[in-house]
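J.: no letters, just coordinates:
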């Protein structure tokens, strides 16, 4: 999606600098036409990237049996 908008947006000023004014205008209009429908999608994706605050895991307060069948608690 970004490349679909960035490509014409980069070509437009390069074409203008090379005195290809009509080409620059066409690519600028193309970039705007592509960017308008993509903008709501990009905003929605940006909101999904905000991290959810983590809760610290609570250590068990009792002895937990691990593989091997040993039911003794480590450390006592």
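T.: Yep, it's here. Note that the structure is a prediction, hence the values are computed from the model and not measured. Residues are numbered from 1 along each chain as shown.

J.: any chance you could map the helices in this protein?
T.: 2-17, 21-48 (DSSP state H).

J.: which stretch among those comes nearest residue 57?
T.: Residue 57 lies closest to helix 21-48 among these, at 24.3 Å (C-beta to C-beta). C-beta: built from backbone N, CA, C; applies to glycine.

J.: count of neighbours near the closest residue in space to residue 28 that isn't next to it in sequence?
T.: Excluding the flanking residues, the one nearest residue 28 by C-beta to C-beta, 6 or more residues apart in numbering is residue 12, at 4.2 Å. Number of residues near residue 12 (other C-beta atoms under 10 Å) recorded here: 21.

J.: OK, contacts around residue 12?
T.: Listed by C-beta atoms under 8 Å, 6 or more residues apart in numbering, the contact partners of residue 12 are 24-25, 27-28, 31.

J.: can you flag the buried ones in those residues?
T.: Those of the contacts of residue 12 that meet the buried threshold are 24, 27-28, 31, by 16 or more other C-beta atoms under 10 Å.

J.: between the contacts of residue 12, which sits nearest residue 47?
T.: If you rank the contacts of residue 12 by distance to residue 47 using C-beta to C-beta, residue 31 comes first, at 23.7 Å.

J.: residues in contact with the closest one?
T.: 5, 8-9, 12.
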